[in-house]
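Engineer: Fold the following and give me the result.
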Amino acid sequence: MFIYEGSTKQYEEAVEELVREFGRQVQIEGIFLEKHLVASNELTIVFDGLKADVTCRENSHFFRGVGILLQNMAKTGTQSFTVTEQIQFDSLGAMLDCSRSVASLENIKAHIRFMAACGMNILMLYTEDTYEVIGHPYFGAYRGRYSQEELKGLDDYAFQFGIEIIPCIQTLGHLRTVLRWPAFTGLRDTPDVLLVGSPKVEAFLTDLLNSATAPFRSKRIHLGMDEAHGLGLGAYLSENGYRSKSELMAAHLAFVQGICDDLGLDTLIWSDMFFRDNSPSDNYYDIPDDLDLSLLRLPNEHMHVVYWDYYHSDQATYRKFFNLHKQFDKACWFAGAAWTWTGPAPNYSKSFATTQAALMTCKSMEIHNAFCTMWGDNGAETPFYCDRPAFLFFAEHGYANDINLEAFKEKLLFLTGIPYEAWMLIDRMDTLTFDPERIDNPSNPTKYCLYQDVLIGLFDEQIKPFRLDIHYAALADALRVFSDKHVITYYYYTLARLLAIKATLGIRLQDSYIHGDKVALTDIVYEDIPSCIALMEKLKELRETFWYTECRPFGFECLDIRMGGVITRLQTAQRQIQRYLDGEIPYIGELLEPRLKFLPEETDTLPGFYLWEHIISAANISGV
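Structural biologist: Alright, predicted model coming up:
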């Protein structure tokens, strides 16, 4: 245990939390720990074997210093060292998507400890409808919403590590799960978007903002406002006639900012709606290089825009968009991504490439505030724990002019216990080859190979040239070495073993059927399908364990249905093939259907398909 000197005494409990988390192999006996706060952008850790001095600008930097101290002591014991780093950002942090899956309180605390060791100082909890709004019982019903008391407890916990929790909500679009309730019918413009200007909506937003901010010390809030597609074109159009999106947006921003001004809050909003209004295709990034945005006005100096870009790997694009943003907000923020939303597997190659380009540009253009998002679109199929490499890569950019890859690898191993090589094998679930030119349309074969039906084979013709069975078999062999390192590596080892059989099972099934190869069909019935079912059951069990460890229960029903559906359809295929072999049915109708490419123009690369409902069937399963 450390001996705490002077002002460091008040941080004893938080430091000991980091020691328990990351210092299990470190022998700490009689070592003095002292903190010195200075008005400097340097973080310095000096250790002489008996005393550690951490000199820095703020508390979050101090805890990064503690992490560096623990890492060095784990490596060299009480050997003396000095480390000096350059602090690159004022605000550097992460955003957890707690809407698709609602992270457990302990999971968020684990993220706080990880972020503290990385030196991040802001955490955004993205909650569309998963927080308590006083007076609105249907808001977050059956979704695992956080109570105000729980959020206050998290704020207290983060505060001791120098981390500011900024609530991150939605005040215009992305509210489908709320607006589905009959109780909110009068507040709905379109299924996703609020009816702006409505007295009911204005009263609701007043309640929303009071409830969202009450638990937190922060005097900042992220209001969302992104992707409000169809704004003014639903109930608003019927009730009020046509009014341009830009007019509606300006009026709505002014109203919401007025509430926040009364609460003494600085606000952040996503910036894409300003750019979509100036795009010929309503696309955030499809705008002229010489676009003049200097006439755009935010409600007042307390509102700032966040440029979110998860796609580009060239600095020229970021320079262009930062210049455009600075025309109307010189203090704009940046948001990058951990690439955890394309299916069951993360894409670290894409995350690292986009982060590298984005943050190098941020530093050269004096963008002082940045955070890394972990979205959980598509049902939160990627476990939360998979964000660690991307968050750390983002954080390391906050303390150096550029990334030292070897130092990053060492720190990643120290903080997670999983080698960089194992993490990058997980990356290969989807990244067969990394092509920066296709970073805006990444492939995710893991998802459609996992979920597609073996009898129907919607994607069989698309994947046929790529021999994914060989790819996943080789990947399973490589992951076997690391399978006992952590439950996460065992999970992806199991997934690779499953896809080594299932990815091309539909192709082999139809080929055997068309050629009348009943021996091969028999092998599929008695060997391949039972192996797939057994591995799928194991995978489902592991994912369930993961979910209930990391998240509140609500939301798992979606994954349960998806993964359980794969097992059910494999069992149906097994029965149908057996009936055919036994002469009970004259043919298998699904296998007579000619296979077509889902995207005929894609020939030399594996495309991305992201919606589960488009993968499992050509039928309209939504009922709309």
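
Engineer: Phi and psi next, for the spatially most central residue of the chain.
Structural biologist: Centroid-nearest residue in the chain, with CA atoms, centre = their mean: residue 374, separated by 2.1 Å. Main-chain dihedrals, residue 374, degrees, to the nearest 10: phi -120, psi 90.

Engineer: isn't it right up against residue 100?
Structural biologist: No - Residue 374 lies out of contact with residue 100 (CB atoms under 8 Å); the separation is 10.3 Å. Using the backbone N, CA and C atoms, a C-beta is placed for each residue, glycine as well.

Engineer: what residues are up against the residue nearest to the centre of the chain?
Structural biologist: Listed by CB atoms under 8 Å, 6 or more residues apart in numbering, the contact set of residue 374 reads 94, 95, 96, 97, 337, 338, 340, 384, 387, 390, 391.

Engineer: Excluding covalently adjacent residues, which one is nearest to residue 111?
Structural biologist: Leaving out its chain neighbours, the residue that sits closest to residue 111 by CB to CB, 6 or more residues apart in numbering is residue 96, at 6.3 Å.

Engineer: can you pull the pLDDT of the one you found?
Structural biologist: Here, the pLDDT recorded for residue 96 equals 98.

Engineer: Can you name the residues that contact it?
Structural biologist: Applying CB under 8 Å, 6+ apart, the residues near residue 96 are 103, 108, 111, 123, 124, 125, 126, 374, 384, 387.

Engineer: Dump those residues into CSV; add secondary structure as well.
Structural biologist: Below are the contacts of residue 96 laid out as CSV (DSSP: H, G, I helix; E, B strand; the rest coil):
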residue, secondary structure
103, strand
108, helix
111, helix
123, strand
124, strand
125, strand
126, strand
374, strand
384, helix
387, helix
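
Engineer: Which of those ranks first by neighbour count?
Structural biologist: residue 125 (28 neighbours; other CB atoms under 10 Å).

Engineer: Quick check: that one touching residue 163?
Structural biologist: No - using CB under 8 Å, residue 125 is not in contact with residue 163, being 11.6 Å away.

Engineer: Next step: the contacts of residue 374 restricted to helices.
Structural biologist: Using DSSP state H, the members of the contacts of residue 374 that fall within helices are 390, 391.

Engineer: so which of the contacts of residue 374 is the most crowded?
Structural biologist: Busiest of the contacts of residue 374 [other CB under 10 Å] is residue 338, holding 29 neighbours.

Engineer: Got phi/psi on that residue?
Structural biologist: phi -90, psi 0.

Engineer: if I look at the closest residue to it other than its chain neighbours, how far off is residue 341?
Structural biologist: Distance criterion CB to CB, 6+ apart; nearest residue to residue 338, sequence neighbours excluded, is residue 390 at 3.5 Å. In this view, residue 390 and residue 341 are 12 Å apart by CB to CB, to the nearest Å.

Engineer: The residue nearest to residue 338 touches residue 350, doesn't it?
Structural biologist: No - at 9.5 Å, residue 390 and residue 350 do not qualify as touching, with contact defined as CB under 8 Å.

Engineer: check contacts around the residue nearest to residue 338.
Structural biologist: 337, 338, 339, 340, 346, 348, 351, 352, 355, 372, 374.

Engineer: which one among those gets closest to residue 36?
Structural biologist: Comparing the contacts of residue 390 against residue 36 with CB to CB places residue 372 closest, at 28.8 Å.

Engineer: Give the burial count for the closest one, as a bare number.
Structural biologist: Residue 372: 29 surrounding residues under other CB under 10 Å.

Engineer: and the helix or strand harbouring it, C-alpha only, in PDB?
Structural biologist: Per DSSP states H and E: residue 372 is located in strand 369-374. Below are the C-alpha coordinates for strand 369-374, written out as PDB (Å, rounded to 0.1, in the frame of the first residue of the first chain):
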ATOM      1  CA  ASN A 369     -11.900  18.800 -26.800                       C
ATOM      2  CA  ALA A 370     -12.400  15.300 -28.200                       C
ATOM      3  CA  PHE A 371     -14.100  12.000 -27.100                       C
ATOM      4  CA  CYS A 372     -14.400   8.500 -28.400                       C
ATOM      5  CA  THR A 373     -17.900   7.000 -28.800                       C
ATOM      6  CA  MET A 374     -18.800   3.400 -28.300                       C
END
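
Engineer: And it, how far out from the chain middle?
Structural biologist: 10 Å (CA atoms, centre = their mean, to the nearest Å).

Engineer: ok, then the element right after that strand?
Structural biologist: Next along the chain after strand 369-374, taking DSSP H and E as the criterion, comes helix 377-380.

Engineer: contact partners of that next one?
Structural biologist: Residues outside helix 377-380 that contact it (CB under 8 Å, 6+ apart): 97, 100-101, 341-343, 447, 551, 555, 558-559, 562, 610-612.

Engineer: now could you export just the CA positions of that helix as CSV?
Structural biologist: In CSV, the C-alpha atoms belonging to helix 377-380 read as follows (Å, rounded to 0.1, in the frame of the first residue of the first chain):
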residue,chain,number,x,y,z
ASP,A,377,-26.3,-0.2,-32.8
ASN,A,378,-27.8,-3.4,-34.1
GLY,A,379,-28.8,-4.6,-30.7
ALA,A,380,-25.5,-4.1,-28.9
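
Engineer: which is the next helix or strand following the helix or strand hosting residue 166?
Structural biologist: Element membership of residue 166, judged by DSSP H and E, is strand 164-168. Using DSSP H and E, the helix or strand that follows strand 164-168 in sequence is helix 176-179.
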